[in-house]
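>>> have a look at this prediction, sequence included:
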Amino acid sequence: MSAACVEVRAVREPSCIRGLQYRLVYGGSLVPQRWVEQLRRASGERLVYAKESWGHCVVHRLIYQFRFEVRVMESPTSIRLLHRVCASDAQRDADREWLCEQLKAAVHEAPGYAHEVA
Amino acid sequence: MSRRVAKYKHVPHGRTLMGAEPLVFHCNFYNYWLQKTLLLDESLAMDQVIRDAATEVAYAALRSAARELHATARPERVQLAQDTFAELGFGTADFSRLGPDGGQAVFPVSHYGGALRQAIGEDFAVPQSHFDAGYAAAAAAFIAEAPAAAFEGVIEACQSRGAKHGLVGVRKRTAGTVHISPGLQHHGLGQPEPIQASSLDEPAILQALSRLDLAGNEEGLVPRFGVMLTNHFANFYNRISFEFVRRMADTDMVDAAELLLIDAGYRCAFHTLGGIMVSAEWDAVVRPQLQTRLDWVRGAVAVVNALGWGTWRVTELSEDRAVVRIWDDYESCGHLDMLGAAVRPVSYLATAAVAGIMNLIFLGDIAQRPELSLAFYDLCFESDGAFRAEQTRCFAQGDVFSEIVATRSPR
């Protein structure tokens, strides 16, 4: 299956009144560590990387300072996107679109996702 | 991110200090509701109390941090004041324009300016950044090596009113004074009871939560659990809450004051604890261990034990009743340290939180991941049979621990 068939949707978190938080929902599977590396390269190494252990899960945090943060592996079907307060509405729209495109290119239809174990 | 701030110190009973100042986590919704409550009656002049309380705790924290870090030169002190503000989740501040005669502080990002606005979704009628104004006054005094009450902050622009940046004018104080923060003196008495046997591994939960990065990000904000957290000064909350009760008591309104503070606490329980219970962090760390709805209560209490609010233990639990004992609840400690022994129970936030946990789980069925909307709040807290809580023992009244009993209200 080609990655082009995979759907990625940006879903606004209803609890965030200011529209800072989204989930980028995808159907298919993602190899998180590989996508993290791809994203870092695609950003020109501007993303600050941090890894957190949440019990048995490992969550990857990628931060483009003063623009956005993505948290990878919070969920097996979505990426959390947090826009920064300082980013303009236009910047947020552009960043969200860019991340959706990056995600679309990385997600495969075949199943196989699993949480990394800390 | 490299910031130079005082070290966090973990002391008995789940309390955390920065320098000598005890810290507690609270979210933008609680900060909004508490401030809204305190400012309801303008004749109480609580806005000045809020600013002065911010000056009190910030000045104490910065002075102890400077001693610890040997920050003596002006640039170091400016940076320390800015870094501490950002580290604790209050936003970003520029204090470089503060001098011996005052000046102006700039807040490109402000929790009280922006995140409170986030809590209501629209501009406020009056500026909300009293904490920033008080902190700026403290920063000016700290940088100039002047007494805490040397300056006062005046809000000139605030994000809560739509301004791009917050601006605080800092000028020499002509009237009034500032309390000296007591830090944390009365604490550590008694040994918390063992955790009751259940399916939960509470130490493992605490350890997992301790690994989360809850410091302010590059914007000086802490977006976690679906809310904006602050790692706030416990004595700030204590000072403004107790002073509110005292001023209300002058007009025989003590009962009303306490009820209002408990109501603000319900908002904290709803948004902070509710937000936690529908968060990805909860799903990863706590939820896999939960088998029954009673376990959800124990899970919530386990998380509370990571917030700096004291050591909580569930000693009795059913679907109709919960008894929670707390060692070193921050409100009692604060009362003893600031005002001495209390004549009435003072753990308003804890009382509300215990009722709130029971309401979220047994009335709201939060396990089903409802949206934390106003309608859901009403369901949880205004329905027939909603839990109400009473404080039956109080550390500030001479008990070794505080005790909160939550029961269902009559249907």
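Arrived safely. As the structure is a prediction and not an experimental result, all values here were calculated from the model. Numbering: from 1, shown residues only, chains lettered A, B, ... in the order given.
>>> I'd like the next helix or strand past the longest helix along chain B.
The longest helix of chain B (DSSP state H) is helix B:46-69. Helices and strands here follow DSSP states H and E; after helix B:46-69, the next one along the chain is helix B:74-87.
>>> which residues does that following helix contact?
Here helix B:74-87 makes contact (C-beta atoms under 8 Å, 6 or more residues apart in numbering or on different chains) with B:3-6, B:18, B:58, B:61-62, B:65-66, B:69, B:71, B:91-96, B:98, B:135, B:138-139, B:142-143, B:215-216, B:219-220, B:231. The way it works is simple: take the backbone N, C-alpha and C, and place the C-beta from them, glycine included.
>>> so residue B:24 sits in a strand?
Yes. Under DSSP: H, G, I helix; E, B strand; the rest coil, residue B:24 sits within a strand.
>>> coming back round to it: in the longest helix of chain B, what counts as buried?
Of the residues in helix B:46-69, B:46-47, B:49-66, B:69 count as buried by neighbour count, 16 or more other C-beta atoms under 10 Å in any protein chain shown.
>>> for that helix, packing partners?
Contact here means 3 or more C-beta pairs under 8 Å, 6 or more residues apart in numbering or on different chains; DSSP states H and E; on that basis helix B:46-69 packs against strand B:21-27, helix B:28-38, helix B:74-87, helix B:130-144, strand B:151-157, strand B:227-233, helix B:234-249.
>>> where in the chain is pLDDT low?
Answering for chain A, as no chain was given. A:1-5, A:109-118 (pLDDT under 70).
>>> my bad, the chain I had in mind was chain B
Within chain B, the segments meeting pLDDT under 70 span B:1, B:117-121, B:411.
>>> quick check: residues of it near chain A?
Residues of chain B lying near chain A by C-beta under 8 Å from any C-beta of the partner chain: B:1, B:108-109, B:114, B:117-121, B:204-205, B:208, B:211-213, B:217-219, B:221, B:223, B:226, B:275, B:280-281, B:283-285, B:288, B:371-372.
>>> just the buried ones out of those, please.
B:108-109, B:114, B:117-119, B:205, B:208, B:212, B:217-219, B:221, B:223, B:226, B:275, B:280-281, B:283-285, B:372.
>>> which residues touch residue A:78?
A:11, A:23, A:24, A:25, A:26.
>>> nearest to chain B, of those residues?
Using C-beta to the nearest C-beta, residue A:23 comes nearest to chain B of these, at 9.7 Å.
>>> isn't residue A:57 up against residue A:71?
No. The criterion here is C-beta atoms under 8 Å, and residue A:57 misses it with residue A:71 at 10.9 Å.
>>> could you report the distance from the residue positioned nearest the centre of chain A to chain B?
Nearest to the geometric centre of chain A sits residue A:79, at 4.0 Å (C-alpha atoms, centre = their mean). According to C-beta to the nearest C-beta, to the nearest Å, residue A:79 and chain B sit 11 Å apart.
>>> what's the helix or strand for that residue?
Going by DSSP H and E, residue A:79 is in strand A:78-83.
>>> buried stuff in the next helix or strand after that strand?
Next along the chain after strand A:78-83, taking DSSP H and E as the criterion, comes helix A:89-106. Of all the residues in helix A:89-106, those buried under the rule 16+ other C-beta under 10 Å are A:92, A:95, A:96, A:99, A:100, A:102, A:103, A:104, A:106.
>>> hmm, who's touching helix A:89-106?
A:3-4, A:6, A:8-10, A:19, A:22, A:24, A:26, A:30-31, A:34-35, A:38-39, A:42, A:64, A:67-68, A:70, A:79, A:81, A:83, A:87.
>>> would you pull up how far stretch B:53-62 lies from the middle of the chain?
In terms of C-alpha atoms, centre = their mean, to the nearest Å, the centre of stretch B:53-62 is found 15 Å from the chain centre.
>>> who's in contact with it?
B:6, B:18-21, B:77, B:80-81, B:84, B:130-135, B:137-139, B:141-142, B:148-149, B:152-153, B:178-181, B:183, B:233, B:235-236, B:239-240, B:243.
>>> and residue 7, how many residues sit next to it?
Using chain A. 11 (other C-beta atoms under 10 Å in any protein chain shown).
>>> chain B was what I was after
Close neighbours of residue B:7, defined as other C-beta under 10 Å, add up to 10.
>>> how near is the nearest residue to it once chain neighbours are set aside to chain A?
Excluding the flanking residues, the one nearest residue B:7 by C-beta to C-beta, 6 or more residues apart in numbering or on different chains is residue B:68, at 6.9 Å. Residue B:68 sits 26 Å away from chain A, going by C-beta to the nearest C-beta.
>>> hang on, the earlier thing: just the buried residues of the contacts of helix B:74-87.
Of those, these count as buried by 16+ other C-beta under 10 Å: B:5-6, B:18, B:58, B:61-62, B:65-66, B:69, B:71, B:91-93, B:95-96, B:98, B:135, B:138-139, B:142-143, B:215-216, B:219-220, B:231.
>>> could you list which of the buried ones among the residues of chain B next to chain A belong to strands?
Members of these lying in strands (criterion: DSSP state E): B:108, B:109, B:223.
>>> for stretch B:283-297, buried residues please.
Quick answer for stretch B:283-297 (16+ other C-beta under 10 Å): B:283, B:284, B:285, B:286, B:287, B:289, B:290, B:294, B:295, B:296, B:297.
>>> any idea how far residue B:367 is from the second one?
In this case it means residue B:284. 16 Å (C-beta to C-beta, to the nearest Å).
>>> closest to chain B among the buried residues of helix A:89-106?
Closest to chain B out of those is residue A:92 (13.7 Å), distances taken as C-beta to the nearest C-beta.
>>> hmm, back to that, next, format the helices and strands packed on helix B:46-69 as TSV and append distance to residue B:323.
Shown next, in TSV, are the helices and strands packed on helix B:46-69 (distance: least, C-beta to C-beta, whole Å):
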stretch	distance to residue B:323
strand B:21-27	22
helix B:28-38	24
helix B:74-87	36
helix B:130-144	35
strand B:151-157	43
strand B:227-233	28
helix B:234-249	24
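>>> which residues touch residue B:130?
Contact partners of residue B:130, counting by C-beta under 8 Å, 6+ apart, are B:35, B:47, B:50, B:51, B:54, B:112, B:155.
>>> now the second one. Nearest residue, chain neighbours left out?
The shortest distance from residue B:47 to any residue that is not its chain neighbour, by C-beta to C-beta, 6+ apart, is 5.5 Å, and that residue is residue B:130.
>>> now do the third one
Distances taken as C-beta to C-beta, 6+ apart place residue B:130 nearest to residue B:50, at 4.2 Å, with adjacent residues excluded.
>>> tell me if I'm right that residue B:99 and residue B:144 touch.
Yes. Counting by C-beta under 8 Å, residue B:99 does reach residue B:144; the two are 7.2 Å apart.
>>> neighbour count winner among those two?
Between residue B:99 and residue B:144, counting by other C-beta under 10 Å, residue B:144 is the more crowded of the two (17 against 12).
>>> burial count for the closest residue to the more buried one other than its chain neighbours?
Leaving out its chain neighbours, the residue that sits closest to residue B:144 by C-beta to C-beta, 6+ apart is residue B:100, at 4.9 Å. Residues lying near residue B:100 (other C-beta under 10 Å) number 13.
>>> and for the one 10 residues further on?
Residue crowding around residue B:110 was assessed by other C-beta under 10 Å; the count is 30.
>>> how much space between the residue lying closest to it once chain neighbours are set aside and residue B:107?
Leaving aside its sequence neighbours, residue B:110 sits nearest to residue B:91 (C-beta to C-beta, 6+ apart; 4.1 Å). For residue B:91, the distance to residue B:107 equals 6 Å [C-beta to C-beta].
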